[in-house]
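In: just the structure for this:
(chains A, B, C, D, E and F)
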There are 6 protein chains.
Amino acid sequence: MRVSGRGFDEPRPVRITPGFTSAPAGSVLIETGHTRVLCTASVEERVPQFLRGGESGWVTAEYSLLPGSTPVRTAREATRGKVTGRTSEIQRLIGRALRAVVDLKALGERTIWVDCDVIEADGGTRTAAVTGGFVAMCLAMQRLKREGLLTRVPVRDCVAATSVGIVRGIPLLDLEYEEDSQAEVDMNVVMTGHGEFVEIQGTAEGSPFSQDTLDELLRLARIGIAQLVAAQKAILGEDLQGGAETGTGNEE
Amino acid sequence: MRVSGRGFDEPRPVRITPGFTSAPAGSVLIETGHTRVLCTASVEERVPQFLRGGESGWVTAEYSLLPGSTPVRTAREATRGKVTGRTSEIQRLIGRALRAVVDLKALGERTIWVDCDVIEADGGTRTAAVTGGFVAMCLAMQRLKREGLLTRVPVRDCVAATSVGIVRGIPLLDLEYEEDSQAEVDMNVVMTGHGEFVEIQGTAEGSPFSQDTLDELLRLARIGIAQLVAAQKAILGEDLQGGAETGTGNEE
Amino acid sequence: MRVSGRGFDEPRPVRITPGFTSAPAGSVLIETGHTRVLCTASVEERVPQFLRGGESGWVTAEYSLLPGSTPVRTAREATRGKVTGRTSEIQRLIGRALRAVVDLKALGERTIWVDCDVIEADGGTRTAAVTGGFVAMCLAMQRLKREGLLTRVPVRDCVAATSVGIVRGIPLLDLEYEEDSQAEVDMNVVMTGHGEFVEIQGTAEGSPFSQDTLDELLRLARIGIAQLVAAQKAILGEDLQGGAETGTGNEE
Amino acid sequence: MRVSGRGFDEPRPVRITPGFTSAPAGSVLIETGHTRVLCTASVEERVPQFLRGGESGWVTAEYSLLPGSTPVRTAREATRGKVTGRTSEIQRLIGRALRAVVDLKALGERTIWVDCDVIEADGGTRTAAVTGGFVAMCLAMQRLKREGLLTRVPVRDCVAATSVGIVRGIPLLDLEYEEDSQAEVDMNVVMTGHGEFVEIQGTAEGSPFSQDTLDELLRLARIGIAQLVAAQKAILGEDLQGGAETGTGNEE
Amino acid sequence: MRVSGRGFDEPRPVRITPGFTSAPAGSVLIETGHTRVLCTASVEERVPQFLRGGESGWVTAEYSLLPGSTPVRTAREATRGKVTGRTSEIQRLIGRALRAVVDLKALGERTIWVDCDVIEADGGTRTAAVTGGFVAMCLAMQRLKREGLLTRVPVRDCVAATSVGIVRGIPLLDLEYEEDSQAEVDMNVVMTGHGEFVEIQGTAEGSPFSQDTLDELLRLARIGIAQLVAAQKAILGEDLQGGAETGTGNEE
Amino acid sequence: MRVSGRGFDEPRPVRITPGFTSAPAGSVLIETGHTRVLCTASVEERVPQFLRGGESGWVTAEYSLLPGSTPVRTAREATRGKVTGRTSEIQRLIGRALRAVVDLKALGERTIWVDCDVIEADGGTRTAAVTGGFVAMCLAMQRLKREGLLTRVPVRDCVAATSVGIVRGIPLLDLEYEEDSQAEVDMNVVMTGHGEFVEIQGTAEGSPFSQDTLDELLRLARIGIAQLVAAQKAILGEDLQGGAETGTGNEE
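Out: Presented below is the predicted three-dimensional model:
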């Protein structure tokens, strides 16, 4: 029925590979179906101008589609000399989503840069970037903790994201590119590990949608995000040598 | 209780002045409380490259905060040499919202540019831009009809927008700036005249929110948008000398 | 004879509405015929780099044509990513004109930004911007005085501007767009309340002009500017509750 | 009395060296005192978009201060990524001045680019650029005539420019940098060979000026420009093998 | 002795993984030590303006350091709004190197874009980009051949690159970052499969070098490049299911 | 045989005119055949951010082709809003070449800007810029010494550059434009006064080249550079009133 034979409420398999590269403080490759995003987290020991002296840290994100990530090459934004509106919007979304679960005071006066570079794009790159970016960020925080620069990983909860939409009248979870390009309604949902909303961005591409449709889409999103959070915890638990740490934040 | 003494579900008074300027095909000044946005609609007899030869029209929007629209002057984007991420995001939102109710085929191979310039900013500028931009666009279409270039105003329904949010734990309708700047949750909702969703953008600025909170916010939004649509219809009806025209689209 | 039935030495009616918006320190809408320019003056409590520590203030101006201000839409400079040469030239002219009558030492180490956004363009937008910008600037200075930040309004005289030109061989005062577009000679004149020149910019678009023509054009400009200065004084006098204040500067 | 010992109505010596470089169609080095500007004229066999098919040619100018032309190095505009307002204003002035004496129809559908690069700057670079640029442009036209692409040099008159100003209350002709930097009034005047005005740009830097002052400044400008036109005719006459050619245009 | 225990003429192990991503026509991950570069080749069925109608194809390259590829984060060029001089220089080098072995006429009027995105940077990223980019390009050509768009892979020879340099007076092959940053002489050498030079870029960072030093450095480069070419042939041979094809070019 | 009748190992005559302009600290016009480059050296009493507090000076170079320097006009980079890759590459080459012979510590915390503006381009502009830029830089240093700001001219050796190449199979010294545009191999060589290499940039434009070809090209370069260094010494010696100074650096 779906392009890939999945059920309407069945997400693509997700794989998160921690330590995919070794230069940055945190690094993961996240794969959901054919979509692959390299997420790295780099630490800079200062904060942007508007936070100076405020005893608060900052988390910010940047995103790009590598030119070869799409079947028809995507023009490189550096060459065009500016970031497109789409990229800017996605960068802002990722940054807000991550900051929503971080205790910026506890982070101290430093910035974590989360870079999400899409190696292969098959729909859902921005939501994969949120989900993978969270893990990369936590890995960087864990390194800061190991180095004695932090006493705990300053996150209050996990955060993950998925897309849902209406294709030919049917609500679907986790759209791949071919589905996404014909969706009547397209929605990105960011939730915490405890199932609360961090961000909802739903757009009627073709025809407006009802409250009932909205409810069904959010129900699907909840299913998908629960699986993503489980994958995040599997990685961060192992890596943290105790696993409860991030979890502890959740139970508060 | 609220800054302005309004009830939690009470929107600011809205005033839409058609024909505020006379050069463009359509022009309105929309005022919601102290927020004032000049919306103009200009017609160009060609479409962007990606639509050429496709027998379809296009609607696009641009938005700016005039430098003097805020108590602390906002730097002019032309001088900075680029559009900020915030502006880009808003422009895309307005354009999508308007296109959601336009029959682009029926518009013919022409573009309607909807410019939303904020003269005074006190919260809710982007939603006022959607609401006022819709009226400006319809006025331009009406002119095209009078000139014999269109046989009907090619819109399927009204579209209007409002903001809702949680401030100190309380859900509020139509946030003004002082409320918006301390909101824990901030949501922009775009709906049609028939009460279906065109766009939902909700963000937890401080703490994540539950499904119940979401439901309450959307209920408030529905109240506010119904009043805005009534204001739109009052203008477009009068102006159209018959009023039923756009209305007819609504009643289908 | 003229497009609008005016006599060759008859300026368009001018209307200056103070307090058109309330966010900025000073704000006026100036209307000369169909030309309408929103002029706002914002105060920033610092000066540009080159003046730091020099115990002098600064006045600077920015100008834009709103996209919908012209019958054929004007592309937005923020979107193009740069200010056109025309805009840059106009901005410089307005800034110089205003600074010519301001006592920058007495202003103190602060900057007044005068923003002139053209809402409707029918010729003479730059001269309207000078005339209206002066009033907005003075209103901002009056507010600073009321707030005790200035002991007097630090201007030495009024400053206002008009255009004159030769159309089909005939010298005309205050050209509207249709006249301006076919003028053989186009001249902008900026004068003080005492009738001295601050700036003269005259250009032979079609054929060079003689000393006699120049003399006649300047004579017309003087007529127009006297009326504009009267309009400025009417506003500033009332508003100042005494009116003599700016006038006093003039009589020195 | 003046920095250089000149009389108040005495211009600096001018030297125009034709054929200073050989790549472009026309090339001169113009020197007025220490100010030296390389003016080249290049021919392109097409016109800008807005003139296509209009059977008219075009003349346009570009200007730059070479970084090493000033005692304190001037930052290179290419490196800064944009042209300053000052440069833009000067480029527009030069272009307008040259076009004022060219018969664009007779030029045919081609563009003459006049590049004015200041090798050494000691005041009056923009006026030297007009004066030298005119000669470079005529030399290029003469080459087109020799090549049979034009039947005559399509200029109606010479055009030249000088600066005048008030320094410590005294009207002076042809300001050098030290004078210019302390001038109360600064005026650039562009005139034809027949002594008619093409452009007047006068600015009160310090205090406004009277009609009498204006008259005296224009009288001085007329003296200076007569000498510059003589220098232009000396070059173009020789070079044209007949000299009367440009002159003939004048007598028509 | 060397950071990594290698001999002075011992290159780092190289691994080339074909088909690392599947969207583009050709894709490899090349790893030399810790340096990892994703090289993709995308085909566009048209050529740049300057080649239109010339019956020739084009090969061009773009390069970037991903922000997280370095221990201290590298600012993203898209965000800065321009490509650095270093990047531009590298892009030009890769493009020239690839074109040097391609029969552009035989490629037909199409462009191959080779994108080299550095995932991890430990010295030698530009030379890895040339070596890996060549393989990605050939894979894309092989796909075009399989699709019947080409009758043969239009390359005349392999091309590969390595770096050599003088560190503390000792000539070394294939510098890693720590060596590179203290090299007195740094040289990038691009050679064909037959051992001829395509490009030599040698720079004395600290002190000038002699002809003897140059000779020794080129001898080392030759050793390294032979191994890289062997790795290229291993991939392209297998992949081509015939292998001799590119090889044939080599044996001529 | 060659375009200009020169022998294959015969460089064009070189002429270096010191003091060509007087505003900058150092200034020369260098002419090699028809190629003419104005090189100026300006001193700024501070260093770039990355060197602050490091007690080291800096030397940097900028380069441009003036629009009229080529028979077909070259578009001005300031107007295009960015520096081309070619220019950026050349600027970096010149800067590296000059820094290779400067004792930056001895220069003190100041920057020497070397601007190389090509007045006429006939091949070899970048190598002329290196050769002439070195002289301009030394003249600026000499001025600093005369002003007591330096105790000696802090250069260790002369540095000069030339181009060599293969045209129709024949190795040639010092290519002019017509030769350069058809060269199979193009190489720029920068050497010190003592004949050691500072930079080698060789590119096979058409077909790869052998070690023997490389050796022959470098032999030719050595001949050309010896003559250029002699010309440099002639100027700097005279000008230095002692001449041995730079020479002394060489003999150390």
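In: where exactly do the helices run in chain A?
Out: Taking DSSP state H as the criterion, chain A carries its helices at A:77-80, A:85-99, A:104-107, A:125-146, A:177-180, A:211-240, A:244-251.
In: okay, the ones you listed in a markdown table with mean pLDDT next?
Out: Formatted as a markdown table, the entries for the helices of chain A read as follows, by pLDDT from 0 to 100:
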| stretch | mean pLDDT |
| --- | --- |
| helix A:77-80 | 92 |
| helix A:85-99 | 96 |
| helix A:104-107 | 96 |
| helix A:125-146 | 97 |
| helix A:177-180 | 96 |
| helix A:211-240 | 91 |
| helix A:244-251 | 37 |
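In: which among those is found nearest to chain E?
Out: Ranking the helices of chain A by their distance to chain E (criterion: C-beta to the nearest C-beta) puts helix A:77-80 first, at 3.6 Å. Heads up, the C-betas are built off the backbone N, CA and C, glycines and all.
In: which strands or helices does that closest one pack on?
Out: helix E:77-80 (3 or more C-beta pairs under 8 Å, 6 or more residues apart in numbering or on different chains; DSSP states H and E).
In: residues in contact with the helix it packs on: which ones?
Out: Residues lying outside helix E:77-80 but in contact with it, judged by C-beta atoms under 8 Å, 6 or more residues apart in numbering or on different chains, are A:62, A:64, A:76-78, A:80, A:82-83, A:87, E:64, E:83-84, E:87.
In: one more pass at 7 Å, please.
Out: Judged by C-beta atoms under 7 Å, 6 or more residues apart in numbering or on different chains, the contacts made with helix E:77-80 from elsewhere in the structure are A:62, A:64, A:77, A:78, A:83, E:64, E:83, E:84, E:87.
In: is residue A:31 in a bridge, and if so with what?
Out: Using DSSP bridges, the bridge partners assigned to residue A:31 are residue A:15, residue A:36.
In: tell me the one among the contacts of helix E:77-80 nearest to chain C.
Out: Nearest to chain C among these, counting by C-beta to the nearest C-beta, is residue A:83 at 12.0 Å.
In: which strand residues bridge residue A:185?
Out: For residue A:185, the residues forming beta bridges with it (DSSP bridges) are residue A:166, residue A:204.
In: switch the helices of chain A over to TSV; also include mean neighbour count.
Out: Listed next are these as TSV, based on neighbours: other C-beta atoms under 10 Å in any protein chain shown:
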stretch	mean neighbour count
helix A:77-80	17
helix A:85-99	22
helix A:104-107	17
helix A:125-146	26
helix A:177-180	18
helix A:211-240	19
helix A:244-251	16
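In: reformat those helices as CSV; add distance to residue F:150.
Out: Formatted as CSV, the entries for the helices of chain A read as follows, by distance: least, C-beta to C-beta, whole Å:
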stretch, distance to residue F:150
helix A:77-80, 41
helix A:85-99, 49
helix A:104-107, 49
helix A:125-146, 47
helix A:177-180, 64
helix A:211-240, 57
helix A:244-251, 60
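In: looking at those helices, which is nearest to residue C:72?
Out: Taking C-beta to C-beta as the criterion, residue C:72 comes closest to helix A:85-99 out of the helices of chain A, the separation being 24.9 Å.
In: residue A:163 touches residue A:126, doesn't it?
Out: No. Contact criterion C-beta atoms under 7 Å: residue A:163 and residue A:126 do not qualify, at 8.1 Å.
In: and the closest residue to residue A:20 other than its chain neighbours, how many neighbours?
Out: Distances taken as C-beta to C-beta, 6 or more residues apart in numbering or on different chains place residue A:29 nearest to residue A:20, at 4.0 Å, with adjacent residues excluded. Residues contacting residue A:29 under the criterion other C-beta atoms under 10 Å in any protein chain shown number 20.
In: what separation do you get for residue A:29 and residue C:94?
Out: Going from residue A:29 to residue C:94 by C-beta to C-beta, to the nearest Å gives 55 Å.
In: which residue does chain A have closest to chain D?
Out: With C-beta to the nearest C-beta, the shortest gap between chain A and chain D falls at residue A:81, namely 9.3 Å.
In: that residue and residue C:84: what is the separation?
Out: Residue A:81 is 18 Å from residue C:84, by C-beta to C-beta.
In: now do residue A:219
Out: Residue A:219 is 52 Å from residue C:84, by C-beta to C-beta.
In: ok, now residue A:184?
Out: Summarising the geometry, the distance separating residue A:184 from residue C:84, computed by C-beta to C-beta, is 42 Å.
In: circling back: the residue nearest to residue A:20 and residue A:21 touch, don't they?
Out: No. With contacts counted by C-beta under 7 Å, residue A:29 stays clear of residue A:21, the gap being 8.5 Å.
In: next to chain E, which bits of chain A? Give me the list.
Out: Counting by C-beta under 7 Å from any C-beta of the partner chain, the residues of chain A lying close to chain E are A:21-24, A:27, A:38, A:40, A:42, A:44, A:62, A:64, A:66-71, A:73, A:76-79, A:81-83, A:113, A:115, A:117, A:119-120.
In: whichever of these end up buried, select them in ChimeraX.
Out: Written as a ChimeraX command, the selection of buried residues from those, which uses 16 or more other C-beta atoms under 10 Å in any protein chain shown, is:
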select /A:21,23,24,27,38,40,42,62,64,66,67,68,69,70,73,76,77,78,79,81,82,83,113,115,117,119,120
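In: next step: the residues of chain A next to chain E restricted to strands.
Out: When strands are assigned by DSSP state E, the members of those inside them are A:27, A:38, A:40, A:42, A:44, A:62, A:64, A:113, A:115, A:117, A:119, A:120.
In: buried stuff in stretch A:51-63?
Out: Counting neighbours by 16+ other C-beta under 10 Å, one finds that the buried residues in stretch A:51-63 are A:56, A:57, A:58, A:59, A:60, A:61, A:62, A:63.
In: stretch A:31-45 too?
Out: Judged by neighbour count (16+ other C-beta under 10 Å), stretch A:31-45 contains these buried residues: A:31-43.
In: quick check, nearest of the residues you listed to residue A:134?
Out: When the buried residues of stretch A:31-45 are compared for distance to residue A:134 (C-beta to C-beta), residue A:39 wins out at 8.5 Å.
In: quick one: that closest one and residue A:134 touch, right?
Out: No. Under the criterion of C-beta under 7 Å, residue A:39 makes no contact with residue A:134, lying 8.5 Å away.
In: between the helices of chain A, which one is nearest to residue B:194?
Out: Nearest to residue B:194 among the helices of chain A is helix A:211-240 (12.1 Å), distances taken as C-beta to C-beta.
In: can you name every helix or strand that that closest one contacts?
Out: For helix A:211-240, the packing partners by 3 or more C-beta pairs under 7 Å, 6 or more residues apart in numbering or on different chains; DSSP states H and E come out as strand A:14-18, helix A:125-146, strand A:159-167, strand A:170-173, strand A:185-192, helix A:244-251.
In: for these, which one sits closest to residue C:49?
Out: Relative to residue C:49, the nearest member of these by C-beta to C-beta is helix A:125-146, separated by 36.8 Å.
In: just want the angle from the closest one to strand A:185-192.
Out: 10 degrees (axes from the mean of the first three to the mean of the last three C-alpha atoms, to 10 degrees).
In: got the angle between helix A:125-146 and strand A:14-18?
Out: Helix A:125-146 and strand A:14-18 are oriented at 30 degrees to each other (the same axes, to 10 degrees).
In: can you tell if helix A:125-146 touches chain B?
Out: No. Helix A:125-146 lies apart from chain B when judged by C-beta under 7 Å from any C-beta; the minimum separation is 13.0 Å.
In: would you confirm that residue A:194 contacts residue A:158?
Out: No. The pair residue A:194 and residue A:158 does not pass the contact test of C-beta under 7 Å, sitting 8.5 Å apart.
In: neighbour-wise, which of those two wins?
Out: For residue A:194 and residue A:158, the more surrounded residue by other C-beta under 10 Å is residue A:158, and the numbers stand at 26 against 14.
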